[in-house]
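Q: model the following, please.
(one chain, ligands or ions: 2)
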Amino acid sequence: MADIQRSKIKALLGATPGTDVLVKGWVRTKRGNKDIAFIALNDGSTVFNIQIVVDKTKFDDGLLQKITTGACIGVEGKLVESVGSGQAVEIQADKIELFGECDPVRYPLQKKDTSFEFLRTIGHFRPRTNTFGAILRIRNQMAFAIHEYFHGKGFVYWNSPLITASDCEGAGEMFQVTTLDLNNLPRNKKGEIDYKEDFFGKLTSLTVSGQLEAEIGAMALGEVYTFGPTFRAENSNTPRHLAEFWMVEPEMAFYDIKDNMDLAEDFIKHLIRYALTNCYDDVKFLNDKYDNELIARLESILADSFVRLPYTEGIKILEKAVADGHKFEYPVAWGIDLQSEHERFLVEQHFRKPVILTDYPKDIKAFYMKQNEDGKTVRAMDVLFPKIGEIIGGSEREADIVKLENRIKELEMSRGTLEWYLDLRKFGSAPHSGFGLGFERLLLFVTGMSNIRDVIAFPRTPKNAEY
Ligand code: ATP
Ligand code: MN
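A: Numbers count the residues shown, from 1 in each chain. Ligands and ions are numbered 1, 2, ... in the order given. Modelled structure (predicted):
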């Protein structure tokens, strides 16, 4: 097979027949009769297979027997118009090279059980299924679309640290990073663990958000965005939470909350439009196999403006629903942190379109959010989506040093690791805003999957860290 260059199956499926080609990939199925074998071959470049037609008289029987589902082969042959239905072109095999056999008895993807639960137990083979191929290609395209979107707007790609000494949310959800010997911890005179002895000489953790450091970027470069992994040791075993997930966090100087909402809406619509245009085959595959409303749901997001509604109004709607007999698992009252059942009620039943909820009570939001004049609420904005609930969380940031310091005192937070953050307000402060989009939540929406473990190759959840 020396002189022909390997082609990707995706390219061949759209190519003009008549040339000699070389493909390499994994056998999805083999069928046929005593004269001819038909091999469906896939190389990961597309959800579609290419059909290889094998004239059995031309090949060694022993070789043909080893071409089973899952085996890896290279095929050289002529690309011809297909006589069968279902494909435009196929390859008439001249040479076949077997790269890797695949024992049909022990290969787990041969099994009848192709449930998502089973596939999660074989993460090293899962990407070879049509479904996960489609999901992982969409994931790749969405990552590209994110960079392209911000690049086109002149944002600077900013990398906040993954190992951090600051706790963004002030919550105890962080994974500690240490090289101390856990069986023999150094202690100070008070008997506390002496982090001076640790690798960084202080207590460090994996970041729960790149936002605080992204504000440094916005205060220098104007408009920045992060796109990287984020870690939260939240022990909530839900279909929407991972312990390691990817987040996109734009942070912009001179944006108020309205500019922030405009950006969030435009951004997410851009990504969905991009998926429909550039991942259509994969989205269509998922639509037809699992969720017949997927494409319609994606298109519906583009059709309309998102609702923009203050939290207080949202609570009134929920209270009215309760009064009218709607049953929620969690009680509704002003001041509650909305549960996903509440968010989904507003989006799916009441408005039937995405909702940006604003002006949340300050007590359920982070210390850095800009305080409203009413003294009770902050300029937060959560974007709520059908089937997902919260997909984006953001806010205008408090730019006033006095108000920010007061809030830190009120919450009895230690300023120790935040002095640099306060400095941003003392030296050339600017109004600014930003938000965080959970990449896997976006992928849940775009792929129609219902469990976040199925939109990332290696999900990390409580008691689960394979590979
Ligand atoms: P939730 O209430 O759903 O746990 P949150 O309020 O903790 O979300 P933020 O801290 O605002 O979320 O984070 C920004 C975005 O990151 C969220 O809107 C969501 O899309 C995503 N996100 C948050 N936590 C997780 C997680 N554990 N796994 C996956 N995505 C997450
Ligand atoms: Mn959370």
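
Q: OK, contacts around the closest residue to residue 5 other than its chain neighbours?
A: Excluding its sequence neighbours, the residue lying closest to residue 5 (CB to CB, 6 or more residues apart in numbering) is residue 22, at 6.8 Å. Using the backbone N, CA and C atoms, a C-beta is placed for each residue, glycine as well. For residue 22, the contact set (CB atoms under 8 Å, 6 or more residues apart in numbering) comprises 1, 4-7, 74-76.

Q: now residue 22: which helix or strand?
A: Counting by DSSP states H and E, the element that carries residue 22 is strand 20-32.

Q: quick one: the helices in the stretch 251-400 of the chain?
A: 257-278, 280-289, 294-303, 311-323, 340-344 (DSSP state H, counting those that start in this stretch).

Q: what does the pLDDT read for residue 170?
A: For residue 170, the pLDDT comes out at 55.

Q: ligand 1 is nearest to which of the helices of the stretch 251-400 of the chain?
A: Ligand 1 lies closest, by CB to the nearest ligand atom, to one member of those: helix 340-344, at 6.9 Å.

Q: residue 286 reaches residue 294, doesn't it?
A: Yes. Using CB atoms under 8 Å, residue 286 makes contact with residue 294 at a distance of 6.1 Å.

Q: in stretch 18-32, which residues are buried?
A: 21-28, 30 (16 or more other CB atoms under 10 Å).

Q: do the same with stretch 283-302
A: For stretch 283-302, the neighbour count (16+ other CB under 10 Å) marks 283, 285-287, 291, 294-295, 297-298, 301 as buried.

Q: how much space between residue 124 and residue 136?
A: Taking CB to CB, to the nearest Å as the measure, residue 124 falls 13 Å from residue 136.

Q: okay, these two: which has more neighbours?
A: Using other CB atoms under 10 Å, the more surrounded residue of residue 124 and residue 136 is residue 136, with 19 against 11.

Q: what about that one, which SS state?
A: Three-state call for residue 136 (DSSP: H, G, I helix; E, B strand; the rest coil): helix.

Q: could you list the low-pLDDT ranges of this protein?
A: Along the chain, segments meeting pLDDT under 70 span 1-2, 167-172.

Q: re earlier: so the residue nearest to residue 5 bridges to which residues?
A: residue 6, residue 76 (DSSP bridges).

Q: start the count at 12 instead of 1 going forward.
A: All set: I'll call the first residue 12, so the last point we hit is now residue 33.

Q: what's the spacing between it and residue 86?
A: In this view, residue 33 and residue 86 are 7 Å apart by CB to CB.

Q: do the same with residue 152
A: Distance from residue 152 to residue 86, by CB to CB: 27 Å.

Q: so if I had to pick from the two, which one is more boxed in?
A: Set residue 152 next to residue 86 and count neighbours by other CB under 10 Å: residue 86 wins out with 23 against 19.

Q: right, and residue 104 touches residue 67 too?
A: No. Using CB under 8 Å as the test, residue 104 is too far from residue 67 to be in contact (10.2 Å).

Q: could you pull out the helices for the stretch 62-211 of the chain?
A: 72-77, 127-131, 141-163.

Q: how about a markdown table for those, with distance to ligand 1 added?
A: Putting the helices of the stretch 62-211 of the chain into a markdown table (distance: least, CB to the nearest ligand atom, whole Å) gives the following:
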| stretch | distance to ligand 1 |
| --- | --- |
| helix 72-77 | 43 |
| helix 127-131 | 16 |
| helix 141-163 | 14 |
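
Q: export those helices to a markdown table and tack on distance to residue 256?
A: As requested, these are arranged in a markdown table below (distance: least, CB to CB, whole Å):
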| stretch | distance to residue 256 |
| --- | --- |
| helix 72-77 | 41 |
| helix 127-131 | 16 |
| helix 141-163 | 12 |
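
Q: need the winner for burial among those.
A: helix 141-163 (a mean of 18; mean count of other CB atoms under 10 Å).

Q: in contact with residue 38, which residues are there?
A: 50-52, 78-84, 113.

Q: run through the bridge partners of it.
A: With DSSP bridges as the rule, residue 38 is bridged to residue 52.

Q: and it, how far is that from ligand 1?
A: Spatial separation of residue 38 from ligand 1 under the definition CB to the nearest ligand atom, to the nearest Å is 36 Å.

Q: tell me what angle the strand holding residue 33 forms with helix 141-163.
A: Angle of strand 31-43 versus helix 141-163, following axes from the mean of the first three to the mean of the last three CA atoms, to 10 degrees, is 140 degrees.

Q: may I have strand 31-43 exported as PDB, CA atoms only?
A: Extracted in PDB, the C-alpha atoms of strand 31-43 (Å, rounded to 0.1, in the frame of the first residue of the first chain):
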ATOM      1  CA  ASP A  31      -7.900   4.100  -6.400                       C
ATOM      2  CA  VAL A  32      -8.000   4.800  -2.700                       C
ATOM      3  CA  LEU A  33      -6.700   3.600   0.700                       C
ATOM      4  CA  VAL A  34      -8.700   3.700   3.900                       C
ATOM      5  CA  LYS A  35      -7.900   2.500   7.400                       C
ATOM      6  CA  GLY A  36     -10.300   1.900  10.200                       C
ATOM      7  CA  TRP A  37     -12.300  -0.400  12.400                       C
ATOM      8  CA  VAL A  38     -14.800  -3.000  11.200                       C
ATOM      9  CA  ARG A  39     -18.300  -2.200  12.300                       C
ATOM     10  CA  THR A  40     -20.000  -5.200  10.700                       C
ATOM     11  CA  LYS A  41     -19.200  -7.900   8.100                       C
ATOM     12  CA  ARG A  42     -21.900  -9.700   6.200                       C
ATOM     13  CA  GLY A  43     -22.300 -11.400   2.900                       C
END
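
Q: just how off-centre is it within its chain?
A: Distance of strand 31-43 from its chain centroid, counting by CA atoms, centre = their mean, to the nearest Å, is 31 Å.

Q: I'd say residue 375 and residue 350 touch.
A: No. If you go by CB under 8 Å, residue 375 and residue 350 don't touch, sitting 11.8 Å apart.
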